[in-house]
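Engineer: Provided below are the primary sequence and the corresponding predicted coordinates.
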Amino acid sequence: MTVKFNNRDPVYVQVIRHFKEQIAKGYFEPGQEIPSRRELANQLKINPNTAQRAYKEMGEQGLIFTEGNMPSCITKDEAVLKSVREELIIEAVDLFLGSIKSIDVPLSEVLEIVKKKHDAESGEAEESI
């Protein structure tokens, strides 16, 4: 597991975001066991307390669960899994809208351009398969 950390956000927040992205992409399956806090800290070369904080926060958000002395696992709660994906999409849309707002493009034109770009990139992905 590798994460490219930035200097803007706290490391534990970036670890949580990484897990959310992996869940949204389907790399982590519901109920899948994840590395221990210590293993994660070693893999990512971060402080064990940072890994602990990320896991604590993910537990509070319902992304992971830990039963007794068993390893932590990704949630099986479909509503939480769906909300993770929606949260990431909304963040991307907000960023996109913020960047194009200043050029005052009509929504119909934006949607047409986005669709063309999406279709072109989807075609490229299918060709490489």
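Structural biologist: Alright, I've got the coordinates. Residues are numbered from 1 along each chain as shown.
Engineer: which stretches of the protein have low pLDDT?
Structural biologist: Across the chain, residues meeting the criterion (pLDDT under 70) sit at 124-129.
Engineer: Run through the strands of it in chain order.
Structural biologist: 64-65, 73-74 (DSSP state E).
Engineer: which residues sit against the last one?
Structural biologist: Same thing as strand 73-74. Outside strand 73-74, the residues within contact range by C-beta atoms under 8 Å, 6 or more residues apart in numbering are Ile23, Phe28, Glu29, Pro30, Gly31, Gln32, Glu33, Ile34, Leu63, Ile64, Phe65, Thr66. In this view, the C-beta of every residue, glycine as well, is placed from N, C-alpha and C.
Engineer: Among those residues, which one lies nearest to Lys101?
Structural biologist: The closest of the contacts of strand 73-74 to Lys101 turns out to be Ile23 (C-beta to C-beta; 29.7 Å).
Engineer: That closest one and Val93, how far apart?
Structural biologist: Distance, Ile23 to Val93, using C-beta to C-beta, to the nearest Å: 19 Å.
Engineer: Between these two, which has more neighbouring residues?
Structural biologist: More neighbours surround Ile23 than the other of Ile23 and Val93, with 23 against 10 (other C-beta atoms under 10 Å).
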